[in-house]
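Asker: kindly return the folded structure for what I paste below:
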Amino acid sequence: MLKIVLKNNISVHKQTPLDKIANFIDDNIWKDLDDLDRKILTFINNNKEARTIEVVNYTKMSSRAIQNRLLQLQHKNLVKRNGNSNNPNLSYSLMKNLY
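Answerer: I've put the predicted structure just below:
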């Protein structure tokens, strides 16, 4: 008697951090975001919160550019600022309504 064993060759698809964050954001808003915005959101999501300098180091962009992007993301209700501008520990996190 001959026994044949067939193995399923389907691989498991793992979501990337970018895929995961995209699931929380409205498609129309997601399409309007550029790569830098998406990178910032993914970084904040992975770290639960982030200070401006951490985002600067991660993205290799200027502090001013990151501050402007974080402000734009605040206006789009994607991130919230934790603390006031004089606080040395000022951080940003994702808005609770995203997840």
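Asker: now the strands for the chain?
Answerer: Ranges of strands in the chain, per DSSP state E, are 79-82, 91-94.
Asker: what pLDDT does the residue positioned nearest the centre of the chain get?
Answerer: Nearest residue to the geometric centre of the chain (Cα atoms, centre = their mean): residue 42, 1.8 Å. The model reports residue 42 with a pLDDT of 93.
Asker: pretty sure it sits against residue 19.
Answerer: No. Contact between residue 42 and residue 19 fails when scored by Cβ atoms under 8 Å: they sit 9.6 Å apart. Glycine gets a C-beta too; all of them are placed from N, C-alpha and C.
Asker: and stretch 23-31, what's buried?
Answerer: 25, 30 (16 or more other Cβ atoms under 10 Å).
Asker: chain center to that stretch: distance?
Answerer: Centre-to-centre, stretch 23-31 and its host chain are 12 Å apart (Cα atoms, centre = their mean, to the nearest Å).
Asker: starting at the chain centroid, how far to stretch 66-79?
Answerer: Distance, centroid of stretch 66-79 to centroid of chain: 12 Å (Cα atoms, centre = their mean).
Asker: now do the lowest-mean-pLDDT helix or strand in the chain: which elements does it pack against?
Answerer: Here the helix or strand of the chain ranked lowest by mean pLDDT, DSSP states H and E is helix 17-24, holding a mean of 73. Here helix 17-24 touches helix 35-47, going by 3 or more Cβ pairs under 8 Å, 6 or more residues apart in numbering; DSSP states H and E.
Asker: understood, closing this out.
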